[in-house]
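**Q** Pasting a predicted model and its sequence here:
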Amino acid sequence: MSAAKNISRKLLLTAVFFIIWTGVISVFQIRPIYLPGPEDIINSFIAMRASLPSSILSSLRITLSGFLIGAVIGVGMGLLMAYSRTFMNIVGPFMEFTRPIPIFAMIPLFMIWFGLGLWPQILLVALGVSTVLGVQTYEAVRNIPSVYINASYNLGAKKSVMFKTVICPYIVPHLIGAIRVAAGTSWGLDVAAEFMGVQSGLGYTMIVRQMYLDTPAIIAVVLIYSVLAIILDQIIRLIERRLTRWTEREKMSF
Amino acid sequence: MLKIENLSFSYEGNKGKPGYEVIRNLELTIGDNEFVCIIGPSGCGKSTLLKMLAGFEKPSEGKIIYNGQEIKSVGYERAMVFQEDAVFPWLRVRDNVEYGLKVRGVPAETRKEHVNKFIETVGLKGFENAWPKELSGGMKKRVDLARVLANNPETILMDEPFGALDAMTKEMMQEELVKIWEGSKKTIVFVTHDIEEALFLADKIVVLQHIKNGGEAEVIEVPFERPRTVKIKENPEFQKVRRRTVELLKKYEREEE
Ligand SMILES: Nc1ncnc2c1ncn2[C@@H]1O[C@H](COP(=O)(O)OP(=O)(O)OP(=O)(O)O)[C@@H](O)[C@H]1O
Ligand SMILES: [Mg+2]
């Protein structure tokens, strides 16, 4: 499909979407508090324009730091569990026990233990991301065909070298899916973290707006979250494409 | 020298189930610089035997002595060309061939020289920067072979390395392999299903029987002078040895009929 055709198709879909949206509101006489029209939301954006940049920055800081810290810790733990049986025996049972606990259920405890502030929030996001990635990394390592490991040892590699040159590159494409899911989840964790009670950020803005029953503003914030999430996802996919040129995945034609 | 003494092997069974016996009381000696082919029906334990020679599996009983020492672990002096595709898909052809040299800390200059030499030997010049996914099955096998050769092992364990190649490439690779072997004093243990291949390559052929038929190993000396050319395949003597090997191989097949 040509690029021009692709763009015009997307424009058409957007137009249809807006027509249905405004049409539904006027036909069924829906009040803006339930479903505001496009112009209400645009007005909200304009009304919030002064506070939005700092809110976005504040949320970005929590989400991105939490995501990155969580990813490093999660992948690191997964690799260590695969590398060392001793480490696995110590940490494994603990992980098994804590993994099923819903991370959101931990919020009250977090507030009691760590109080309010930036670090407890980052910690919450990091914890959620790292548990997902820890398990996924460990599973990805377990699924590597033994012939690659054998070949590496057979050619003279030590265990640590084998890990660096075989296990690490092998698991990358198997982790991309989990990393993308974790990145998506980290936005949700950011909202939850901000509900824990801070005085800035997009999630905080939503709570405040909810008190005023300001539906257009809430939808505006949701839209911002979506855009941010899509951008982060695209960045991850861009990195993925560079790292996994060796796989046969890109051409999925069936 | 490789001495296999009273070797038995069983794969461990899953919890409670008895193990799966593959090799029983095998005795075999392979001399230095010898080219030995192992031939036998599918499932008789050829790959398993090679895995023990490489050190990936431990004998259930008996032992394997390599240059006076019992084989206890994997070592690059005993290199394996696997039956499965073992080329690392995340490395380009050149980096695959360089892998062993690199992890062993060979200096970059020497590495480059070896890599170029063996990529050329296996006929993959021009594909240095290709990803394995861009190669055919036979080409990947040749990458695997070049990777092992570049690492300069004393003994090469080859598990049906040319099974996936077309007849022309196969013949070329056989000749190359013999040339490399003649020029470099290596011991080669070569598993194959192809009797003509075994007769062309080997100093001696080990015919391994399936364990359900006793799992015995019989040795056929291959009498042809070296250097050999593919022409010996038309030699009447060649056909005679060939027939004897076929008979040994089919000994039990006939009894079952
Ligand atoms: N990892 C394993 N666990 C359990 N049993 C195995 C395992 N690998 C092989 N076997 C069994 O051991 C027997 C010998 O296998 P092996 O791969 O050594 O045969 P082979 O002689 O190389 O056969 P082929 O010519 O088909 O390659 C087979 O019956 C197989 O089912
Ligand atoms: Mg086999």
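**A** Looks like it came in fine. Ligands and ions are numbered 1, 2, ... in the order given.
**Q** ok now do residue 232, which residues does it touch?
**A** Picking chain A for this. Applying CB atoms under 8 Å, 6 or more residues apart in numbering or on different chains, we find A:Leu232 in contact with A:Leu64, A:Phe67, A:Ala183, A:Trp187. Using the backbone N, CA and C atoms, a C-beta is placed for each residue, glycine as well.
**Q** my bad, the chain I had in mind was chain B
**A** Remark: with contacts taken as CB under 8 Å, 6+ apart, B:Ile232 is in contact with B:Phe200, B:Phe224, B:Phe238.
**Q** Swap in 6 Å and give it another go.
**A** Under the criterion of CB atoms under 6 Å, 6 or more residues apart in numbering or on different chains, the contact partners of B:Ile232 comprise B:Phe224, B:Phe238.
**Q** Check which helix or strand the residue nearest to A:Ser186 when sequence neighbours are not counted maps to.
**A** Across the structure, with CB to CB, 6 or more residues apart in numbering or on different chains as the measure, the residue nearest A:Ser186 apart from its sequence neighbours is A:Phe67 (4.2 Å). According to DSSP states H and E, A:Phe67 maps onto helix A:52-83.
**Q** what's that helix packed up against?
**A** The criterion is 3 or more CB pairs under 6 Å, 6 or more residues apart in numbering or on different chains; DSSP states H and E, and the helices and strands that helix A:52-83 contacts are helix A:85-98, helix A:118-142, helix A:168-195, helix A:202-211.
**Q** ok and that helix relative to helix A:118-142, angle-wise?
**A** Angular relation of helix A:52-83 and helix A:118-142 on a 0 to 180 degree scale: 40 degrees, by axes from the mean of the first three to the mean of the last three CA atoms, to 10 degrees.
**Q** by how many degrees do helix A:52-83 and helix A:85-98 diverge?
**A** Taking the same axes, to 10 degrees, one finds that helix A:52-83 is oriented at 130 degrees with respect to helix A:85-98.
**Q** tell me the angle helix A:52-83 makes with helix A:168-195.
**A** Angle between the axes of helix A:52-83 and helix A:168-195 is 140 degrees (criterion: the same axes, to 10 degrees).
**Q** Report the buried residues of helix A:52-83.
**A** Burial within helix A:52-83, assessed by neighbour count using 16 or more other CB atoms under 10 Å in any protein chain shown, is assigned to A:52, A:55-56, A:58-59, A:61-71, A:73-75, A:77-83.
**Q** and if you look at stretch B:165-173?
**A** By neighbour count on 16+ other CB under 10 Å, the buried set for stretch B:165-173 is B:Leu165, B:Thr169, B:Lys170, B:Glu171, B:Met172, B:Met173.
**Q** same question for it, mean pLDDT?
**A** Here stretch B:165-173 scores 86 as its mean pLDDT.
**Q** contacts for it?
**A** The set of residues that contact stretch B:165-173 without belonging to it, under CB under 6 Å, 6+ apart, is B:Gly138, B:Phe162, B:Val230.
**Q** The nearest residue to B:Glu253 once chain neighbours are set aside sits in which helix or strand?
**A** Spatial nearest neighbour of B:Glu253, chain neighbours left out: B:Pro41 (8.0 Å); criterion: CB to CB, 6+ apart. When elements are assigned from DSSP H and E, B:Pro41 belongs to no helix and no strand.
**Q** Check B:His114 too.
**A** For B:His114, the host element (DSSP H and E) is helix B:108-121.
**Q** which non-adjacent residue is nearest B:Val246?
**A** B:Ile195 (6.4 Å).
**Q** That neighbour reaches B:Arg244, doesn't it?
**A** No. The pair B:Ile195 and B:Arg244 fails to qualify as a contact (CB atoms under 6 Å) at a distance of 10.2 Å.
**Q** residues near residue 10, how many?
**A** I'll assume chain A. For A:Lys10, the neighbour count with other CB atoms under 10 Å in any protein chain shown is 10.
**Q** could you do chain B instead?
**A** 17.
**Q** nearest residue to it other than its sequence neighbours?
**A** With CB to CB, 6+ apart as the criterion, B:Ser10 has its nearest non-adjacent residue at 3.6 Å, and that residue is B:Gly19.
**Q** How about the contacts made by whichever residue of the stretch 51-200 of chain B sits closest to ligand 2?
**A** Among the residues of the stretch 51-200 of chain B, B:Gln83 lies nearest to ligand 2; the distance is 4.8 Å by CB to the ion. When contacts are counted by CB under 6 Å, 6+ apart, B:Gln83 touches B:Ser47, B:Asp159, B:Glu160.
**Q** Give me the distance between the residue of the stretch 1-150 of chain B found nearest ligand 2 and B:Gly55.
**A** Taking CB to the ion as the measure, the point where the stretch 1-150 of chain B comes nearest ligand 2 is B:Ser47, at 3.1 Å. Shown here: B:Ser47 relative to B:Gly55, a distance of 14 Å by CB to CB, to the nearest Å.
**Q** Only the buried residues of the one helix or strand A:Ile236 maps to, if you could.
**A** Counting by DSSP H and E, the element that carries A:Ile236 is helix A:215-243. Neighbour counts using 16+ other CB under 10 Å place A:215-221, A:224-225, A:228-229, A:232, A:236, A:240 of helix A:215-243 among the buried residues.
**Q** Closest one to ligand 1 out of those, please.
**A** Closest approach between the buried residues of helix A:215-243 and ligand 1, by CB to the nearest ligand atom: A:Glu240, at 33.4 Å.
**Q** Leaving out chain neighbours, which residue sits closest to that closest one?
**A** Take A:Glu240 and drop its neighbours on the chain: the residue closest to it by CB to CB, 6+ apart is A:Ile176, 4.8 Å away.
**Q** so how far is A:Leu68 from that neighbour?
**A** Between A:Ile176 and A:Leu68 the distance, using CB to CB, works out to 16 Å.
**Q** likewise B:Leu50?
**A** Counting by CB to CB, the gap between B:Leu50 and A:Leu68 amounts to 46 Å.
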